[in-house]
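Peer 1: I'll drop the sequence and a predicted model, then ask my questions.
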Amino acid sequence: TVDLAPGADRTVVFENAVADLDPGLYGVTVSAGEATLDGVVTVEGSPALGIEVTETNDPVTAGEELTVDLAVENTGEEGTVTVDLDSSLGSNATQVTVDAGETTEVTLAVGTDAGDSGEHELTATAGDATETVTATVEAESDSSLLGPLVVGLSVLVLALAAGLGYYYRQRRQPRGRHRF
């Protein structure tokens, strides 16, 4: 009940007045003295979500992107939801519309840096649904010495091969006679 003086006006907001109603259209009547106003209120349903991590590219090498494939299931009404991926590596989010009774596939990614090696928890969220998985970021290999090492080993192998070839040619020649 709202009391109102003659000639005055006032806006009244009804919050949670339809919280227990199923989605649909409902007739409403507002009365003020002898005046009445009829209208329709639309009660919208909300999605009931589940989320599952279906795949990751774990393990990754530091500096690579870590991707997470997610399945977002809606057992409620159609709705648009934000899907978040949070971790110590960073976060990413996207909005998706999921039809009632359907599942939508989403891929989110976070970048990694040189100092990120180790185990990291990643938490995927859609509405009230969450799932946490652990992913591994491996340290970058130090390939700065690899090039010179390969060249050095190649030169050594060639030198040994040449030396062995010379040694065997010398052993096959009769002593005292030299070929020119």
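Peer 2: Good, I have the coordinates.
Peer 1: so what's the gap between stretch 98-117 and the chain middle?
Peer 2: 2 Å (Cα atoms, centre = their mean, to the nearest Å).
Peer 1: can you give me the buried ones in that stretch?
Peer 2: 98, 104, 106, 108-110, 112, 116-117 (16 or more other Cβ atoms under 10 Å). Glycine gets a C-beta too; all of them are placed from N, C-alpha and C.
Peer 1: sitting in strands, which of those do you find?
Peer 2: 98, 104, 106, 108-110 (DSSP state E).
Peer 1: which two in these are spaced the farthest apart?
Peer 2: Largest separation among those by Cβ to Cβ: V98 and V110, giving 22.5 Å.
Peer 1: and the ones in strands among the buried residues of stretch 98-117, which is closest to Y168?
Peer 2: Distances from Y168 to these, taken by Cβ to Cβ, are shortest for A109, at 58.8 Å.
Peer 1: once you drop chain neighbours, what's closest to that closest one?
Peer 2: T67 (4.4 Å; Cβ to Cβ, 6 or more residues apart in numbering).
Peer 1: report the contact partners of the one you found.
Peer 2: 56-57, 107-109 (Cβ atoms under 8 Å, 6 or more residues apart in numbering).
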